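S.K.: no FASTA, just this:
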């Protein structure tokens, strides 16, 4: 069993993570769309992590963290606070290793997310819906259970797991010019930067962020850490701030960070559903939306886009709420 | 250029059709779902024709018909009456061969279908919304243009094109026990029966039909042709009756025809969207719905299901109309 990673993962550690998670993850397909190529003037390759187990790329990092947990920690289980895809991914990975997963969720979390975690066997502990409350509840829970905390992104084991998405892309697509990755807490983006640096250094990594949750964009522009300030975006997976481990990797490795309007995010999501016949969540549509809003860097380029997840409430679709915005 | 096929296609003719259409069609992927396997107690393989060009398997037959059209007929174009997937498929195939496609549509056809045909360059001629009106309008149009009529299913060129779906499945899946195919006019089912007979005779072919459009079921039970009688099903692609060319192939080759309730069709469609993260139209969900309503023949079997198409109005989803039926 591998030990913890205590500095920015080297190429050997990323390779180890791929081997660790290989038996558990899906190797997801890469789709293309002649229509979206025509609309954007680019050659787009969509890596379909919406088809990943648990419905998002988060299962890769969670698997790496859970599968590399030392034997003597197994009986205590794992814990996190999350109302999103990491909660599902960690619950599923824990169930596969037959250990407990304690998930702290705000009491106002959508029912659909609560039942998804329950279905994967996660043990939910509700708390008041503020970040201090979530952290306090998690700390108390860990004090009682001695479970290992698995942070959704500020953890090198998670970053190493997420790096496998870009590694697969680089194996599948000959020589992409650009890799375009959504950024929330920065785990996927950090992993993508490391994989690209080691395996395809010619490929530029761009990050895609909602205009209404543009903390990474602001951090990059101002060259200092700027936290998210009450983000109101529909892209619920991208509302978090960067972490102490993801911030330096991103600042040192991203070519640029671009933003997209809410209107473009809904339009991109709608087009992916309508044209590619696949279900992606709003966060996964942010990269394509960023191309709509910033077309120049992508024109005539070979662009790999990570469709990060597909967990969405099918009874509450944005174009049914505001049909005017997409027709 | 191949000539017309004037009797039930032989294995050689199916192979020729595959070669003719190979440069134009997508070879669609086969997906699996651990959750749906668990729910049904079967091992399911979903052939994703929702990812086919034009959004459905119909493009295969239409391509074969258009690409084998004799040179001297090209300048006149092709014509059909259809408000559904065949209209889009024929328009797209005609555009690729750079010939005209005349499409007769009822004046009450949904806007989304009208604009899809227009987008693929089809020339629409509206008529009153009855079958006699559609046939009369098409006859008049063909009298004027001398375009070649391409019937959506009662045509051996179409049947030979549709047979390529099952041929690909047989190449991809080792030894399926059952191939389960939705049936409307019977073009896809006839092609599936022929491919299976020639290439995997051990595989049984079952047909799936909505209970509210059960003309094929009734024909099979009563051993005589029973036409569809005002079908009211949500599965809009399966409202048609069998044709003179599809009826005998089906009666001689199908193991059984099963039906599904409307409620099961909506439930199956919802589960495919939610669990597999792919978009299928109601007609494509009918096979899975038939397994829900008739589980016995499928238990512990390797079952290939054709997901026939993914053309659906994203602004009008059945679970948003009647949420009670699926939760």
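M.R.: Here it is on my side, so go on. Because the structure is predicted, anything quoted here is derived from the model rather than measured.

S.K.: what residues are up against residue A:94?
M.R.: A:66, A:77-78, A:100-101, A:121-122 (Cβ atoms under 8 Å, 6 or more residues apart in numbering or on different chains). Every residue, glycine included, has its C-beta placed from N, CA and C.

S.K.: One more: residue A:212?
M.R.: A:231-233, A:262.

S.K.: of all the residues you listed, which comes closest to chain B?
M.R.: Checking the contacts of residue A:212 against chain B by Cβ to the nearest Cβ gives residue A:262 as the nearest, at 18.0 Å.

S.K.: Local confidence estimate at that closest one?
M.R.: Residue A:262 is assigned a pLDDT of 98 by the prediction.

S.K.: cool, and the one 5 residues further on?
M.R.: Reported pLDDT at residue A:267 in the predicted model: 98.

S.K.: ditto for residue A:162
M.R.: On the pLDDT scale, residue A:162 gets 98.

S.K.: so residue A:44 is in which element?
M.R.: Assigned by DSSP states H and E, residue A:44 falls within strand A:43-48.

S.K.: Give me the sheet partners of that strand and which way each runs.
M.R.: Using DSSP bridges, the strands paired with strand A:43-48 are strand A:30-31 (antiparallel), strand A:302-307 (parallel).

S.K.: if we look at that strand, which residues are touching it?
M.R.: In contact with strand A:43-48 (Cβ under 8 Å, 6+ apart) are residues A:28-33, A:36-37, A:165, A:168-169, A:172-173, A:176, A:272, A:276, A:278, A:288, A:300-307.

S.K.: mind redoing it with 6 Å?
M.R.: By Cβ atoms under 6 Å, 6 or more residues apart in numbering or on different chains, the surrounding residues in contact with strand A:43-48 are A:28-31, A:36-37, A:169, A:173, A:302-307.

S.K.: Now, of those, which are buried?
M.R.: Among the contacts of strand A:43-48, those classed as buried by 16 or more other Cβ atoms under 10 Å in any protein chain shown are A:28, A:31, A:36, A:169, A:173, A:302-307.

S.K.: Report the contact partners of residue A:105.
M.R.: A:83, A:124, A:126.

S.K.: mind running it again at 8 Å?
M.R.: A:81-83, A:87, A:113-114, A:117, A:124-127.

S.K.: ok, and of the residues you listed, which contact chain B?
M.R.: With Cβ under 8 Å from any Cβ of the partner chain as the criterion, the contacts of residue A:105 include none near chain B.

S.K.: Which ones among those residues lie within helices?
M.R.: A:87, A:113-114, A:117 (DSSP state H).

S.K.: Same list (the residues you listed) but as a markdown table, adding neighbour count and distance to residue B:238.
M.R.: Below are the ones in helices among the contacts of residue A:105 laid out as a markdown table (neighbours: other Cβ atoms under 10 Å in any protein chain shown; distance: Cβ to Cβ, whole Å):
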| residue | neighbour count | distance to residue B:238 |
| --- | --- | --- |
| A:87 | 28 | 40 |
| A:113 | 21 | 35 |
| A:114 | 18 | 37 |
| A:117 | 24 | 38 |
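
S.K.: so which pair among those residues is furthest apart in space?
M.R.: Pairwise distances across the ones in helices among the contacts of residue A:105 peak at 9.2 Å for A:87 and A:114 (criterion: Cβ to Cβ).

S.K.: Closest one to residue A:215 out of the contacts of strand A:43-48, please.
M.R.: Distances from residue A:215 to the contacts of strand A:43-48, taken by Cβ to Cβ, are shortest for residue A:306, at 19.3 Å.

S.K.: picking up where we left off before, looking at the contacts of residue A:94, which is nearest residue A:253?
M.R.: Using Cβ to Cβ, residue A:66 is the member of the contacts of residue A:94 that lies nearest residue A:253, at 26.6 Å.

S.K.: who's in contact with that closest one?
M.R.: A:78, A:90, A:93-94, A:96-97, A:99, A:150.

S.K.: pLDDT for these - can I get that in CSV?
M.R.: Output for the contacts of residue A:66, formatted as CSV (pLDDT from 0 to 100):
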residue, pLDDT
A:78, 98
A:90, 98
A:93, 98
A:94, 98
A:96, 97
A:97, 97
A:99, 98
A:150, 98
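
S.K.: any idea how far the nearest residue to residue A:42 once chain neighbours are set aside lies from residue A:287?
M.R.: Spatial nearest neighbour of residue A:42, excluding adjacent residues (Cβ to Cβ, 6 or more residues apart in numbering or on different chains): residue A:298 at 4.3 Å. As judged by Cβ to Cβ, to the nearest Å, residue A:298 and residue A:287 stand 10 Å apart.

S.K.: And for residue A:264?
M.R.: From residue A:264 over to residue A:287 (counting by Cβ to Cβ), the distance is 11 Å.

S.K.: After the longest helix that chain A contains, which helix or strand is next?
M.R.: Using DSSP H, we find that the single longest helix of chain A is helix A:156-172. Sequence-wise, the next helix or strand downstream of helix A:156-172 (DSSP H and E) is strand A:178-182.

S.K.: other SSEs contacting that next one?
M.R.: Applying 3 or more Cβ pairs under 8 Å, 6 or more residues apart in numbering or on different chains; DSSP states H and E, we find strand A:178-182 packed against helix A:156-172, helix A:187-199, strand A:204-210, helix A:282-293, strand A:302-307.

S.K.: closest one to residue B:202 among those?
M.R.: That would be helix A:156-172 among those, by Cβ to Cβ, at 34.9 Å.

S.K.: and the closest one with strand A:204-210, angle?
M.R.: Computed by axes from the mean of the first three to the mean of the last three Cα atoms, to 10 degrees, the angle separating helix A:156-172 from strand A:204-210 equals 120 degrees.

S.K.: in helix A:156-172, what counts as buried?
M.R.: Neighbour-count burial for helix A:156-172 [16+ other Cβ under 10 Å]: A:156-170.

S.K.: re earlier: got a markdown table for the strands paired with strand A:43-48, with mean pLDDT too?
M.R.: Output for these, formatted as a markdown table (pLDDT from 0 to 100):
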| stretch | mean pLDDT |
| --- | --- |
| strand A:30-31 | 97 |
| strand A:302-307 | 98 |
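
S.K.: Between these, which one is closest to residue A:180.
M.R.: Nearest of the strands paired with strand A:43-48 (Cβ to Cβ): strand A:302-307, 5.0 Å.

S.K.: any idea of the angle that closest one forms with helix A:187-199?
M.R.: 150 degrees.

S.K.: sorry, back to before: could the contacts of strand A:43-48 be laid out in JSON lines, adding distance to residue A:62?
M.R.: Converted to JSON lines, those look like this (distance: Cβ to Cβ, whole Å):
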{"residue": "A:28", "distance to residue A:62": "16"}
{"residue": "A:29", "distance to residue A:62": "21"}
{"residue": "A:30", "distance to residue A:62": "22"}
{"residue": "A:31", "distance to residue A:62": "24"}
{"residue": "A:36", "distance to residue A:62": "30"}
{"residue": "A:37", "distance to residue A:62": "33"}
{"residue": "A:169", "distance to residue A:62": "20"}
{"residue": "A:173", "distance to residue A:62": "25"}
{"residue": "A:302", "distance to residue A:62": "30"}
{"residue": "A:303", "distance to residue A:62": "27"}
{"residue": "A:304", "distance to residue A:62": "23"}
{"residue": "A:305", "distance to residue A:62": "22"}
{"residue": "A:306", "distance to residue A:62": "17"}
{"residue": "A:307", "distance to residue A:62": "18"}
